[in-house]
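Participant: Give me a model of this one.
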Amino acid sequence: MALTLLAFDTPNARKITVALEEMALPYTVQVVDIGRNEQFEPDFLKISPNNKIPALVDTDGPEGQTQTVFESGAILMYLAEKTGRFLPARGAARVSTLEWLMFQVGGFGPAPGQVHHFAALTDEGDKRYGLQRFMAETLRLYGVMDRRLAEQTFFAGDLSIADFAMVGWVWRYPRHQVDLAQFPHVQRWYAQMMARPAVQKGFARVLRRE
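Facilitator: Sure, this is the predicted structure:
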């Protein structure tokens with residue numbers, strides 16, 4: 001099995017390194033430095049036409065053919081189905097996992113990502129409205145997550161790709177300007193996730209060039 005992860009040190013890429021480590025899959029990393037616009041290189045665009053990282057190349061894909069995958073949620077589903085792990089094959093547990101995975105890729109990613117953008121602006125007038133709007137939505141999403149985790153150890157019951165998707169973004173809570181103590185169930189879950197050896201390995205993988 002030859003898996004190559006094309007990535008940079010971002011929440012969406014960390015979702016995948018965590019999943020690969022949890023699934024005990026051997027892989028190599030090819031850094032795509034988005035600070036140098038390498039995501040626009042023609043060879044990368046053949047794999048990820050939306051010029052976004054991460055992307056995956058599997059030379060042992062279906063029927064032994066090379067398979068490329070872009071979009072982090074699709075990569076998580078691909079790896080889960082390839083290994084038969086962290087995504088139930090059927091029933092309510094599968095539905096729940098997919099619900100929370102889509103919650104992350106559609107909401108708890110785009111909203112805090114906007115917080116990252118506006119918080120980095122130097123002009124106070126430019127950033128005030130954006131921060132007010134997207135901070136409110138980010139805090140609302142943390143609240144949704146906290147209520148869920150008050151009832152469940154993990155987002156979909158058992159550990160799943162939904163948790164791998166979430167942890168990459170909760171990792172950036174300081175940049176979201178969020179105090180996790182306000183969301184004690186998220187805080188408990190995050191500490192539990194970050195204590196897992198495979199998660200630690202996933203975050204330790206170097207996704208930047210020296």
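
Participant: which parts of the lowest-mean-pLDDT helix or strand in the chain are buried?
Facilitator: Among the helical and strand segments of the chain, the one scoring lowest on mean pLDDT, DSSP states H and E is helix 110-119, with a mean of 88. Within helix 110-119, the residues that count as buried by 16 or more other CB atoms under 10 Å are 111, 112, 113, 114, 115, 118, 119. Any C-beta I mention is one placed from the backbone N, CA and C, and that applies to glycine too.

Participant: Give the next helix or strand downstream of that helix.
Facilitator: Following helix 110-119 in sequence order, the next helix or strand is helix 124-149 (DSSP states H and E).

Participant: How far does that next one sit from its chain's centre?
Facilitator: In terms of CA atoms, centre = their mean, to the nearest Å, the centre of helix 124-149 is set 18 Å apart from its chain centre.

Participant: Quick one: name whatever helix or strand follows it.
Facilitator: The helix or strand immediately downstream of helix 124-149 is helix 161-170, counting by DSSP H and E.

Participant: rewinding a little: which of the buried residues of helix 110-119 sits closest to residue 57?
Facilitator: Relative to residue 57, the closest of the buried residues of helix 110-119 is residue 113; by CB to CB it sits at 24.9 Å.

Participant: so who does the closest one touch?
Facilitator: residue 11 (CB atoms under 8 Å, 6 or more residues apart in numbering).

Participant: try 6 Å
Facilitator: Under the criterion of CB atoms under 6 Å, 6 or more residues apart in numbering, residue 113 has no neighbours.

Participant: Can you list the low-confidence ranges for the chain?
Facilitator: Scanning the chain for pLDDT under 70 picks out 1, 210.

Participant: Among the buried residues of helix 110-119, find me the one that's closest to residue 153.
Facilitator: Checking these against residue 153 with CB to CB, the nearest one is residue 112 at 23.2 Å.

Participant: ok, now how distant is that closest one from residue 25?
Facilitator: Relative to residue 25, residue 112 is positioned 27 Å away (CB to CB, to the nearest Å).

Participant: do residue 68 as well
Facilitator: Distance, residue 68 to residue 25, using CB to CB: 16 Å.

Participant: What of residue 78?
Facilitator: From residue 78 to residue 25 the distance is 11 Å (CB to CB).

Participant: More neighbours: which of these two?
Facilitator: The neighbour comparison of residue 78 against residue 25 (other CB atoms under 10 Å) goes to residue 78, with 20 against 16.

Participant: Now do residue 143: how many residues are near it, please.
Facilitator: Residue 143: 13 surrounding residues under other CB under 10 Å.

Participant: Can you tell me the closest non-neighbouring residue to it?
Facilitator: Leaving aside its chain neighbours, residue 143 sits nearest to residue 183 (7.1 Å; criterion: CB to CB, 6 or more residues apart in numbering).

Participant: wouldn't that neighbour be in contact with residue 140 here?
Facilitator: No. If you go by CB atoms under 6 Å, residue 183 and residue 140 don't touch, sitting 11.3 Å apart.

Participant: More neighbours: which of those two?
Facilitator: More crowded of residue 183 and residue 140, by other CB under 10 Å: residue 183, with 22 against 13.
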